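Novice: Below: sequence and its predicted model.
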Amino acid sequence: MGRKRFDQMSCSVAQALEVLGDWWTLLIVREAFFGTRRFSDFSRHLGLAKNTLSDRLSHLVENGILERVDSGKTGTRYEYRLTAKGHDLLPVLTALRQWSDEWVYGEGAEPTIVRDRATGRRLPKMVPRDVEGRELSSRDLFAEPGPGADDELRQRFEVAWRRRIERRAQAG
């Protein structure tokens, strides 16, 4: 059975998964954040088959996450560097790492510690915050269709909204 495609879904998370959903893809991005630049270094650090690595690197270049840059060495040699779009994945990788540190490894068993260069302190846990900086939980948030929502998504929100109103009326 092949991987499900998300390119037709009207959902920001699904669209992000369409670009980043393969587990090797995020590990390649992680390596780029660690300073890996060359194909041979990605291959050595990840233990990934060369054809798979080549496909994933091409995918990341096509989607503007990495750029392929001539390294200027003798012959034709390229390096892969994060673009601005790639650098914007730092909070995503940080949140995933922090989640895994807490729920997979546990305190005291974290495989990598990331610290602020200026202070040497570990990063605080990433959490959603309001405009005043107050920490928010899922109970503080709600979702609504955005300007890019398709009719199906708008209908799903409308049905959910009606159910919410009915539950409040029954409880009241």
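Specialist: Noted; the coordinates are in hand.
Novice: Count the neighbours of residue 57 for me.
Specialist: Using other C-beta atoms under 10 Å, residue 57 is surrounded by 22 other residues. In this view, the C-beta of every residue, glycine as well, is placed from N, C-alpha and C.
Novice: scratch that, residue 154
Specialist: Residues lying near residue 154 (other C-beta under 10 Å) number 14.
Novice: Surely it and residue 144 touch.
Specialist: No: using C-beta atoms under 8 Å, residue 154 is not in contact with residue 144; the gap is 9.5 Å.
Novice: Assign residue 75 to one of the three secondary structure states.
Specialist: Three-state call for residue 75 (DSSP: H, G, I helix; E, B strand; the rest coil): coil.
Novice: Could you check how far it is from residue 81?
Specialist: Per C-beta to C-beta, to the nearest Å, residue 75 is found 19 Å from residue 81.
Novice: helices or strands up against the helix or strand of the chain with the lowest mean pLDDT?
Specialist: The helix or strand of the chain with the lowest confidence, counting by mean pLDDT, DSSP states H and E, is helix 12-20 at a mean of 86. Applying 3 or more C-beta pairs under 8 Å, 6 or more residues apart in numbering; DSSP states H and E, we find helix 12-20 packed against helix 23-33.
Novice: From the rest of the structure, what touches the least confident helix or strand of the chain?
Specialist: Residues from elsewhere that reach helix 12-20 (C-beta atoms under 8 Å, 6 or more residues apart in numbering): 5-7, 9, 25-26, 29, 59, 63, 65, 89, 92.
Novice: Same check on stretch 87-95?
Specialist: By C-beta under 8 Å, 6+ apart, stretch 87-95 touches 20, 26, 29-30, 33, 65, 114, 123, 126.
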